[in-house]
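1. predicted coordinates and the sequence they were generated for:
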Amino acid sequence: MSVVNFDLITKHANIEPAAIAYLQRSNQEHYANLSVKWGDTVIQADAYAVFHSTARGPAKGGIRMAEDVSLEETRRLAELMTYKCALTRIPFGGGKSGIKINPRTIAPEVRKMLIEQYVRHFGVFLAQGTYVPAPDMNTGPAEMATIYGITQSRESVTGKPVRIGGLQGRDEATGYGVAAIVKNAVNGILDKDVRGVTIAIQGFGNVGKWTARLLHEAGAKIIALSDETGAVYMEQGLPIDDMVNIRLLDEANLPAIDPCDVLTMPVDVFIPAAINGVITADVADKTQAKLIVEAGNDPTTSEGDQILFDRGINVIPDILANAGGVIGSYVEWKQAKSGSIITKTETYHTIESHILGAYESVIKTAKQMGISHRLAAHVIAVNEVVESMRDRGWI
């Protein structure tokens with residue numbers, strides 16, 4: 001099932017049936033069985049690489065490593081990347097990879113060997129420039145360095161360590177984009193200054209942590225945080241500066257609450273920055289936030305989304321809110337192709353320029369058409385992809 005509703009989109013954009021047929025299926029889907037010998041044991045992991053659309057450029061998308069990875073999830077995330085890149089006007093298509101294994105159950109050496117196996121199976125696409133991977137859940141610069149070590153092409157992968165061609169500011173790129181969206185939405189939608197607004201964040205990985213840090217620096221009160229190990233809450237605001245080096249929240253000596261409470265807490269802004277499908281119909285019905293900014297991929301179910309819209313709760317969708325990461329990847333890819341060195345300030349400027357330009361378009365379209373911000377974002381993004389297909393004579 002597509003991540004966008006073409007029946008709704010075609011009410012607001014001229015999209016021909018041929019284009020819909022093209023976008024309802026992935027361009028390419030690939031499977032590999034990654035097998036490595038570790039001692040007397042053979043460790044195996046299913047691996048998927050999906051390229052949803054290359055109409056606007058190479059398929060772009062991270063490599064996710066988790067025990068619940070599936071082909072269906074990889075398809076959905078690849079499709080989301082197609083529209084995320086189109087919405088922010090960067091010349092990439094949508095792709096995604098998944099390795100089905102719990103990384104906490106394997107040694108670091110096994111992890112490295114699995115990534116090497118991944119490149120041996122899918123490396124032809126990286127060499128051709130058909131697909132440009134990046135970090136995602138449970139992968140990071142170390143894995144991207146392994147990939148670069150095999151391909152020997154800096155433009156074949158993004159999210160690399162800075163010393164081997166990575167981008168200054170890439171680590172915080174997604175969180176930087178989320179924070180920029182929050183500040184603008186708080187001002188434009190809630191008619192408030194970000195200083196003093198209350199925020200709850202689900203997820204304390206790279207995106208959640210950087211979002212919390214940047215919004216805290218801007219004066220917001222981060223009153224609740226949760227991750228897979230637990231949740232913490234302080235009405236006066238959490239000491240974010242003291243939490244920078246905390247890896248998991250169960251390490252924090254702070255007042256604990258039920259992680260489920262973070263989803264429905266009475267705050268100005270709720271930021272889901274973890275797994276998909278967390279804002280269900282039940283959660284949406286109980287939500288007390290005035291604004292939701294989706295820092296994670298696909299966090300709201302279709303039923304939950306409809307309830308939030310009916311209740312008048314504004315949602316800034318994932319393909320807009322968390323696009324800072326792929327914009328940063330584009331800057332790194334461009335840096336690799338040109339041989340130039342791009343500063344952190346330039347990275348921030350490019351992210352802000354693209355993401356806030358897309359934000360203004362979404363706000364304007366939603367207001368003019370009387371539709372949700374998610375539908376407005378989908379209308380703009382799908383239309384952009386379809387126009388690219390027309391430019392190439394595909395339809």
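-> Here it is on my side, so go on.

2. ok, Ile63 - contacts?
-> By Cβ atoms under 8 Å, 6 or more residues apart in numbering, the contact set of Ile63 is Ser97, Gly98, Ile99, Ile115, Tyr118, Pro133, Ala134, Pro135, Asp136, Thr139, Glu143. Every residue, glycine included, has its C-beta placed from N, CA and C.

3. look up how far Val36 lies from the third one.
-> Just to be clear, that refers to Ile99. From Ile99 across to Val36, the span is 12 Å (Cβ to Cβ, to the nearest Å).

4. mind checking which of these two has more residues around it?
-> For Ile99 versus Val36, neighbours defined as other Cβ atoms under 10 Å are more numerous around Ile99 (27 against 18).

5. give me the secondary structure label for the more buried one.
-> Classification of Ile99 using DSSP: H, G, I helix; E, B strand; the rest coil returns strand.

6. and Asp46, which helix or strand is it part of?
-> strand 41-53 (DSSP states H and E).

7. pairing partners for that strand, with directions?
-> The pairing partners recorded for strand 41-53 under DSSP bridges are strand 28-38 (antiparallel), strand 93-100 (antiparallel).

8. okay, the contacts of Ile63 in TSV with distance to Pro299, secondary structure and pLDDT next?
-> Listed next are the contacts of Ile63 as TSV, based on distance: Cβ to Cβ, whole Å; DSSP: H, G, I helix; E, B strand; the rest coil; pLDDT from 0 to 100:
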residue	distance to Pro299	secondary structure	pLDDT
Ser97	20	strand	98
Gly98	18	strand	98
Ile99	22	strand	98
Ile115	27	helix	98
Tyr118	27	helix	98
Pro133	23	coil	98
Ala134	20	coil	96
Pro135	19	strand	93
Asp136	15	coil	92
Thr139	20	coil	95
Glu143	24	helix	97
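
9. could you count how many residues lie near Val283?
-> Under the neighbour criterion other Cβ under 10 Å, Val283 is assigned a count of 21.

10. swap in the one 3 residues further on?
-> Applying the criterion other Cβ under 10 Å, we find 12 residues in the vicinity of Lys286.

11. for the residue nearest to it when sequence neighbours are not counted, list the residues it contacts.
-> For Lys286, the nearest residue in space outside its immediate sequence neighbours is Thr264; the separation is 4.3 Å by Cβ to Cβ, 6 or more residues apart in numbering. By Cβ under 8 Å, 6+ apart, Thr264 lies in contact with Val283, Lys286, Thr287, Gln288.
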